Every structure is written in C-alpha cells, then in structure tokens.
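Engineer: Give the three-dimensional model of this entry:
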Amino acid sequence: MAAGSASQSGAAAAGSSASAGFGSERFALDHFALFDLPQDFRVDSNALDARYRALQVEMHPDRFATAADAERRRALQWATHINEAYQTLKKPLSRARYLLGLLGGECDFARDTSLPMDFLVAQMELRETVADAASAGRSEELDSLRDDLVRQRRAHYEELAGILALAANEQAQRTSALARAADALRRLMFEEKLMADIDDALAALDELN
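Structural biologist: The predicted model follows:
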C-alpha cells in the first residue's frame, strides 16, 4: 500500500510539476512565442514540428492521470491551445492572417471579399475550367492547372511575406502595408479554395479509375 501511495503521489507531483510551467502568463503568449519562433511569416517548419512534439510530451494526458481534477482540466485546456496554435502556424493562410492580426491589421473573409473585378472574373473562369475538366475526366488538364496554381500561389505567399515584414519593421509604412497584406490574403483565400476544388476533382477521378 505504501509503495502504491508513493507511486501515485509521485505521478501527481510529476503532473503538477509539468503544468507549473503552463500558467496564465504563458497561456497569454502569442503562438510564435509559444513555439519559440520569431514573429515572422517565414516559419522554420522543422523547428515548429519539433517544438510541437516537445509540448505534446509535456502535456500528455498520462502525466496527469492521478492529478487533481483542476490540474487535469488545465492540462486539457493547454493541450487544446497547443494544437490550435500549431494548426494556425502550420498552414500558411491561417499563419498570415494570425500575424496580420498581431501587427494590428484585419482580414474578415466572411464580411470583406472586396477585390478587383478582373481578379474575380478570372477566378470564375478558372472554376468553370476546373468543373469542365472534371466532368469530362481530363485529369491531365487538372494536373496542369494545379501545377500553374502551385507556382502562382508560391509567388503570392512570398510577396505577402515581404509585405508583412514591411508592416512589422517600418512604422511609417505600417498602415498601407497592412492594407496591402489584407488584400493579398483575400486573393490567396480564393486561390486556396481553387486548389481544394482541383484536389477534390482529381481525387474523384482517381476513385473512378
């Protein structure tokens, strides 16, 4: 009995020790600081993944199995927070939107989709091309469209990274840079949706073959 009690006490102490470093001050850190990364759109994905794995180990449920209810709840909150922060930084669109918010900008995809008419018309035409190629089973055309979009999207993300860096480092140009970044984000939102449509079409054709 004594050995079992000592073991349980040790496990509880380990859980308490693990959560001690995850207090309210650390919870308030921005996602970049949480993962020990510089506040920059260009993220070292290997460093992000490594830090995520380390945080997962720290907050693994097994470490809190015998802890008090409050400790287990806090561990669960932290695990959820860590996962959400990781997913935000892992995906370039959500990472850019999050960084834009940290810098004082805003991009509300639901309310503000204002973009030049020529861009919107081009997007509509591309979607029609994708739909036609999908219905006709032209997978090679879809692959070509996807390759073009990958190159275009990569260039646009690089452009956005430069604009966000300008907003972060040049106070005099911050307002205009944030507006440009929001506009670039809205364009990329359309491109990401088009990419998802192409991938869905290719997956559907693969299932038929």
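Engineer: Can you find which helix in the chain contains the most residues?
Structural biologist: If you go by DSSP state H, the chain has its longest helix at helix 174-208.
Engineer: Just give me how far it sits from the chain centre.
Structural biologist: 14 Å (CA atoms, centre = their mean, to the nearest Å).
Engineer: Against which helices or strands is that helix packed?
Structural biologist: helix 92-102, helix 117-135, helix 139-169 (3 or more CB pairs under 8 Å, 6 or more residues apart in numbering; DSSP states H and E). Heads up, the C-betas are built off the backbone N, CA and C, glycines and all.
Engineer: out of these, nearest to F41?
Structural biologist: helix 139-169 (4.3 Å; CB to CB).
Engineer: one step back: got the buried residues for the longest helix of the chain?
Structural biologist: By 16 or more other CB atoms under 10 Å, the buried positions in helix 174-208 come out as 174, 177-178, 180-192, 194-195, 197-198, 201-202.
Engineer: The chain - how does it break down into domains?
Structural biologist: Residue ranges for the domains of the chain, per automatic domain parsing: 2-90, 117-208.
Engineer: between the ones you listed, which gets the lowest average pLDDT?
Structural biologist: Note on these: domain 2-90 shows the lowest mean pLDDT, a mean of 80.
Engineer: from the middle of its chain, how far away would that one be?
Structural biologist: So, by CA atoms, centre = their mean, the centroid of domain 2-90 is 19 Å from its chain's centroid.
Engineer: Report the mean per-residue pLDDT for stretch 95-110.
Structural biologist: Stretch 95-110 comes out at a mean pLDDT of 88.
Engineer: and the spatially most central residue of the chain, helix, strand or coil?
Structural biologist: Central residue of the chain (CA atoms, centre = their mean): T88, 2.6 Å from the mean position. On the three-state scheme (DSSP: H, G, I helix; E, B strand; the rest coil), T88 is labelled helix.
Engineer: Now do the same contact list for it.
Structural biologist: H31, S94, R95, Y98 (CB atoms under 8 Å, 6 or more residues apart in numbering).
Engineer: Kindly give a single PyMOL line that selects the buried subset of those residues.
Structural biologist: This is how PyMOL selects the buried members of those, with burial counted by 16+ other CB under 10 Å:
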select buried, resi 31+95+98
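Engineer: Greatest separation within the contacts of T88: which pair is it?
Structural biologist: The widest separation within the contacts of T88 (CB to CB) is 9.9 Å, between H31 and S94.
Engineer: and the closest residue to D206 other than its chain neighbours, how many residues sit next to it?
Structural biologist: Distances taken as CB to CB, 6 or more residues apart in numbering place S139 nearest to D206, at 7.9 Å, with adjacent residues excluded. By other CB atoms under 10 Å, the residues close to S139 number 17.
Engineer: Help me confirm that S139 comes into contact with L205.
Structural biologist: Yes - counting by CB atoms under 8 Å, S139 touches L205, with 5.0 Å between them.
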